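**Q** let me see the structure of the following:
(one chain, ligands or ions: 2)
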Amino acid sequence: MSKIIATAAIRGAHKIVARAEEQLELALKELGPVAGIKLPDTAYNLPVILAMMGLRVKKIGDMREVLQHSRTLLKPIPSDNLWLPYLGDALDAGMATLFAQEVIEGLKYARNGGPYSGIWLGATSDAILREQGIKLVDGRMPGFAACVGGLPTTEAAVKLARDLQERNILVFMASCTNGVSMAEQLEEAGVEMNWETYLVPYGKETSAAVWALGFAARAAMTFGGLAPGGLREARDILLYNKQRVNAFVLALGEVDDEKYATAAGAINFGFPVIADTDIPQILPSGICTYEHVVSGISHDDMPSRAIEVRGLKIKIQKIDIPVRYGTAFEGERVRKDDLAVEFGGKYTTAFEYLTMRKLDEVEDGKIEVVGPEIDDVEDRAQLPLAIRVEVAGRKMQKDFESILERHIHSFLSMPMGVMHLGQRNVIWLRISKQAKAAGFKFRHLGVVLRSLILNEFPAIVDKIQVTIYTKAEDVEPMAAVAQAGYDDRDRRMGEMTDESVDTFYSCQLCQSYAPNHVCIITPERLGLCGAYNWLDGKAAYEINPTGGNQPVLKGEILDPVKGKWRGINEFVYARSNSSVEHFSAYSMLEDPMTSCGCFEAIACVLPGTGGVMIVDREFQGMTPAGMTFSSLAEVVGGGQQTPGFIGIGTLYVISKKFISADGGLKRVVWMTTNLKNRLGDKLAERCEAIGLPDLPGKIADETITDDLEKLVEHLAAVGHPALEMGEMI
Ligand code: SF4
Ligand code: ZN
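**A** Ligands and ions are numbered 1, 2, ... in the order given. Purely as a prediction, here's the structure:
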């Protein structure tokens with residue numbers, strides 16, 4: 001490391017550690033050592049400290065040890081002309097800095113009430129971590145940028161943010177330059193900032209940047225299944241970050257000592273620093289996969305330079321529309337005041353319907369609008385809408401229609417200024433005045449669909465035509481035809497059983513994060529993230545025969561009740577790095593499926609009830625198991641088999657094969673109201689089908705109790721069938 005940087009980083013670290021010590025002393029006096037650190041729902045406490053020191057900071061008093069350790073990492077500040085032959089001292093100073101910053105930030109959570117307000121978000125809950133983590137896992141998000149400081153102008157800030165969003169990079173913002181932070185500049189320009197839009201303002205102080213490194217550390221512990229502990233574990237977590245978490249720091253504006261020290265902390269994680277000023281470069285690569293510090297980069301070039309340095313794989317396709325687009329714009333809303341036109345919602349009939357045709361029946365690239373275009377209607381117009389997509393391809397199959405159609409939602413959410421919710425005939429589409437002013441037309445919806453479908457599904461789709469109808473006289477009769485089509489698909493899917501096929505599909509997408517995890521997806525059990533069912537696996541395999549989804553021949557049946565097959569066992573053993581020898585699809589007690597970190601819900605056995613509880617990942621409260629979702633997730637995740645616990649996709653609950661070897665749906669004694677609402681009528685229908693129409697009313701939830709003893713009383717009072725079934729374990 002350049003001696004200038006090393007000197008500045010060590011100097012900065014001394015200052016920060018001293019500041020943390022001061023603040024800790026004050027807090028000890030004011031609040032006392034047993035006052036708790038009240039972070040929003042998390043099982044990782046202060047995550048960098050946990051990951052690196054194996055120490056759970058729960059109370060103010062726990063911070064003493066942290067800062068004592070920081071002190072030991074600090075070498076005396078070298079005089080400016082002293083040559084430091086190696087990085088070690090500066091890197092240690094960087095680590096000491098991160099610990100001290102986490103203490104400073106953590107102390108803010110020792111006082112009552114959320115310490116952050118306005119645009120600033122501060123600490124992240126585990127629920128958000130997992131939701132965003134899945135995007136990193138499945139590649140929707142190629143990496144994240146920690147932006148430290150502010151830009152010379154508001155326009156430059158907006159441009160940088162948009163350039164990063166367009167590449168689907170998650171943007172964390174902290175610190176400021178001359179009193180101005182990038183996030184405040186975006187706020188001034190009216191840019192929507194939250195986790196949905198990939199723009200996350202952590203805090204105005206430089207210390208808030210440590211939340212970004214905490215995010216990285218937690219990713220390793222959540223998705224990599226790396227347990228914190230001693231030095232070895234700490235090294236593994238750092239290595240994991242270097243190899244799998246594609247992150248970098250954008251240093252904006254003048255770099256002071258504290259920023260140097262923070263940057264040195266980030267370099268420990270293998271995250272390179274890209275600066276807009278002429279700070280000394282550190283080009284030879286050692287700890288980072290590529291360069292450590294690259295400087296003097298113009299704001300326009302920052303995103304592409306960062307991508308190059310970090311080696312991110314990003315595909316930006318150019319689509320011929322007049323607005324920006326990308327997954328980062330998916331979460332953006334179009335407010336009523338900004339509305340040019342809207343379709344559906346509760347106002348008009350609107351639907352989308354995709355079908356396959358013969359190759360000669362589709363004219364590729366034909367996009368037609370039948371009815372008024374955007375310029376023909378007043379602002380805030382409400383129109384009916386039918387989006388007819390017709391595709392053809394040599395390898396296209398009828399079964400893939402629903403998969404392609406399901407993608408319409410995310411594809412049409414991508415253009416900036418277009419909001420799309422729902423699917424099939426329950427959709428709501430809004431286009432903003434800004435998009436209209438930029439020249440966005442209804443026909444561009446077709447352009448987007450054609451480009452993205454061809455791009456994402458090149459192996460199964462060769463030709464596409466799109467027709468957009470905006471007159472009621474066309475839309476209404478077609479709505480009935482589409483309905484018949486949806487019904488037909490549902491029937492076909494409903495008839496498909498695990499017995500009716502000889503092949504299941506694997507999913508190994510999560511191995512980039514949980515190296516031993518394999519999902520086995522059957523017609524009656526979808527992937528635990530809820531995003532992939534058997535048909536998706538089949539289509540993905542057609543699209544990319546060497547990708548993460550492979551066909552797995554069931555082979556000889558070993559146990560039809562527990563769901564064991566020789567072919568599946570062999571596959572899972574081979575693909576889990578020989579860590580999972582036996583696998584049963586229908587039992588959570590014997591050789592259950594492993595879980596990565598993406599599960600939509602966790603099912604776990606509740607001793608004393610004869611049953612199981614199911615908790616969804618949005619639920620932050622306590623459960624009758626005496627654990628929150630976050631603490632359960634720690635037990636379940638990381639790719640190991642944990643009898644009595646499974647991570648599941650929500651829809652698995654209403655499958656005939658839901659823990660069928662262990663007693664099935666009858667075993668469910670408690671489930672969150674979120675889940676009850678999400679399953680809705682389907683849960684009622686399923687209970688009816690197993691001859692227990694009153695079961696939904698007997699399943700408790702958090703509004704009834706989160707206490708195991710009270711739950712048992714409740715179950716006895718309502719006569720829940722699980723009580724008579726006997727203990728599961
Ligand atoms: Fe990960 Fe399983 Fe979902 Fe695939 S199906 S993305 S392996 S959780
Ligand atoms: Zn996963």
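**Q** buried ones in the lengthiest helix in the chain?
**A** When the chain is parsed with DSSP state H, its longest helix is helix 3-31. For helix 3-31, a neighbour-count test (16 or more other C-beta atoms under 10 Å) marks 3, 5-17, 19-21, 23-24, 27 as buried. Glycine gets a C-beta too; all of them are placed from N, C-alpha and C.
**Q** with stretch 624-640 instead?
**A** Neighbour-count burial for stretch 624-640 [16+ other C-beta under 10 Å]: 624-625, 627-640.
**Q** now, the most widely separated pair of those?
**A** Farthest pair in the buried residues of stretch 624-640 (C-beta to C-beta) is Pro624 and Gly639. Separation: 26.5 Å.
**Q** quick revisit: of the buried residues of stretch 624-640, closest to ligand 1?
**A** Ranked by distance to ligand 1 (C-beta to the nearest ligand atom), these are led by Gly639 at 9.8 Å.
**Q** so for that closest one, what's the pLDDT?
**A** Gly639 is assigned a pLDDT of 85 by the prediction.
**Q** assign a three-state SS to it, would you?
**A** Three-state assignment for Gly639 (DSSP: H, G, I helix; E, B strand; the rest coil): coil.
**Q** over to Asn577?
**A** Put simply, Asn577 is coil when judged by three-state DSSP.
**Q** that one and Pro515 touch, don't they?
**A** Yes. Counting by C-beta atoms under 8 Å, Asn577 touches Pro515, with 6.6 Å between them.
**Q** neighbour count for those two, which is higher?
**A** Pro515 (18 against 12; other C-beta atoms under 10 Å).
**Q** would you mind measuring from Thr206 to Val255?
**A** Distance, Thr206 to Val255, by C-beta to C-beta, to the nearest Å: 10 Å.
**Q** for the least confident helix or strand in the chain by mean pLDDT, the distance to its chain's centre please.
**A** Lowest on mean pLDDT, DSSP states H and E among the helices and strands of the chain sits helix 126-138, with a mean of 78. Offset of helix 126-138 from its chain centre (C-alpha atoms, centre = their mean, to the nearest Å): 2 Å.
**Q** please apply the same query to stretch 493-504.
**A** The answer for stretch 493-504 is 30 Å, by C-alpha atoms, centre = their mean.
**Q** swap in stretch 515-526?
**A** 19 Å.
**Q** ends of it, how far apart?
**A** 20 Å (C-alpha to C-alpha, to the nearest Å).
**Q** so, in contact with ligand 2 or not, that stretch?
**A** No. Against ligand 2, stretch 515-526 shows no contacts by C-beta under 5 Å from the ion, the least distance being 6.6 Å.
**Q** quick check: phi and psi at Ala209.
**A** phi -60, psi -20 (degrees, to the nearest 10).
**Q** please pull up the helix or strand immediately following the helix or strand harbouring Glu184.
**A** Using DSSP states H and E, Glu184 falls within helix 182-188. Going down the chain from helix 182-188, the next helix or strand is strand 199-203, by DSSP H and E.
**Q** skip ahead from that following strand and say which helix or strand is next.
**A** Moving toward the C-terminus from strand 199-203, the next element (DSSP H and E) is helix 210-223.
**Q** right, and the helix or strand after that following helix?
**A** helix 231-244.
**Q** can I get that following helix as CSV, trimmed to CA atoms?
**A** The C-alpha coordinates for helix 231-244 follow below in CSV (Å, rounded to 0.1, in the frame of the first residue of the first chain):
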residue,chain,number,x,y,z
LEU,A,231,-9.4,-16.1,13.6
ARG,A,232,-9.8,-18.9,11.1
GLU,A,233,-13.6,-18.3,10.7
ALA,A,234,-12.9,-14.6,10.3
ARG,A,235,-10.4,-15.3,7.5
ASP,A,236,-13.0,-17.6,5.8
ILE,A,237,-15.6,-14.8,6.0
LEU,A,238,-13.2,-12.3,4.4
LEU,A,239,-12.2,-14.8,1.7
TYR,A,240,-15.8,-15.5,1.0
ASN,A,241,-16.4,-11.8,0.5
LYS,A,242,-13.4,-11.4,-1.8
GLN,A,243,-14.5,-14.3,-3.9
ARG,A,244,-18.3,-14.1,-3.9
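**Q** what angle sits between that helix and helix 126-138?
**A** Angle, helix 231-244 to helix 126-138, by axes from the mean of the first three to the mean of the last three C-alpha atoms, to 10 degrees: 50 degrees.
**Q** which is the succeeding secondary structure element to helix 231-244?
**A** Sequence-wise, the next helix or strand downstream of helix 231-244 (DSSP H and E) is strand 247-252.
**Q** helices or strands up against that following strand?
**A** Where contact means 3 or more C-beta pairs under 8 Å, 6 or more residues apart in numbering; DSSP states H and E, strand 247-252 is packed against strand 144-149, helix 257-268, strand 273-275, helix 302-310.
**Q** mean pLDDT for those: which is lowest?
**A** Among these, helix 302-310 carries the lowest mean pLDDT (a mean of 82).
**Q** report the buried residues of it.
**A** Within helix 302-310, judged by 16+ other C-beta under 10 Å, the buried ones are 302-303, 305-307, 309-310.
**Q** and what of stretch 697-708?
**A** Quick answer for stretch 697-708 (16+ other C-beta under 10 Å): 698-702, 705-706, 708.
**Q** please state the backbone phi and psi of the nearest residue to Thr470 once chain neighbours are set aside?
**A** Distance criterion C-beta to C-beta, 6 or more residues apart in numbering; nearest residue to Thr470, sequence neighbours excluded, is Gly371 at 3.4 Å. Main-chain dihedrals, Gly371, degrees, to the nearest 10: phi 120, psi -170.
**Q** for whichever strand or helix holds Lys682, packing partners?
**A** Following DSSP H and E, one finds Lys682 within helix 673-689. Helix 673-689 is packed against strand 611-616, helix 695-698, with contacts defined by 3+ C-beta pairs under 8 Å, 6+ apart.
**Q** tell me which of the ones you listed lies nearest to ligand 2.
**A** strand 611-616 (15.7 Å; C-beta to the ion).
**Q** and the nearest residue to Glu476 once chain neighbours are set aside, what does it touch?
**A** Closest residue to Glu476 apart from its sequence neighbours, by C-beta to C-beta, 6+ apart: Thr349 at 6.3 Å. Neighbouring residues of Thr349 by C-beta atoms under 8 Å, 6 or more residues apart in numbering: 384-385, 425, 472, 475-476, 479.
**Q** out of the residues you listed, list just those in helices.
**A** 472, 475-476, 479.
**Q** check which helix or strand the residue lying closest to Glu21 once chain neighbours are set aside maps to.
**A** In this structure, Glu21 finds its nearest non-sequential neighbour in Leu67, 5.5 Å apart by C-beta to C-beta, 6+ apart. Here Leu67 sits within helix 63-73, counting by DSSP H and E.
**Q** next SSE after that helix?
**A** Counting by DSSP H and E, what follows helix 63-73 is helix 88-108.
**Q** mind exporting the C-alpha coordinates of that following helix to PDB?
**A** Output of helix 88-108 as PDB, limited to C-alpha atoms (Å, rounded to 0.1, in the frame of the first residue of the first chain):
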ATOM      1  CA  GLY A  88      -0.400  -5.200   7.200                       C
ATOM      2  CA  ASP A  89      -0.300  -2.200   9.500                       C
ATOM      3  CA  ALA A  90      -2.700  -0.200   7.400                       C
ATOM      4  CA  LEU A  91      -5.100  -3.100   7.000                       C
ATOM      5  CA  ASP A  92      -5.100  -3.800  10.700                       C
ATOM      6  CA  ALA A  93      -5.800  -0.100  11.200                       C
ATOM      7  CA  GLY A  94      -8.700  -0.500   8.700                       C
ATOM      8  CA  MET A  95     -10.100  -3.300  10.800                       C
ATOM      9  CA  ALA A  96      -9.800  -1.300  14.000                       C
ATOM     10  CA  THR A  97     -11.600   1.500  12.200                       C
ATOM     11  CA  LEU A  98     -14.500  -0.800  11.300                       C
ATOM     12  CA  PHE A  99     -14.900  -2.100  14.800                       C
ATOM     13  CA  ALA A 100     -14.800   1.500  16.200                       C
ATOM     14  CA  GLN A 101     -17.300   2.600  13.600                       C
ATOM     15  CA  GLU A 102     -19.700  -0.200  14.500                       C
ATOM     16  CA  VAL A 103     -19.400   0.800  18.200                       C
ATOM     17  CA  ILE A 104     -20.200   4.400  17.300                       C
ATOM     18  CA  GLU A 105     -23.200   3.300  15.100                       C
ATOM     19  CA  GLY A 106     -24.300   0.700  17.600                       C
ATOM     20  CA  LEU A 107     -24.300   3.200  20.500                       C
ATOM     21  CA  LYS A 108     -26.900   5.200  18.600                       C
END
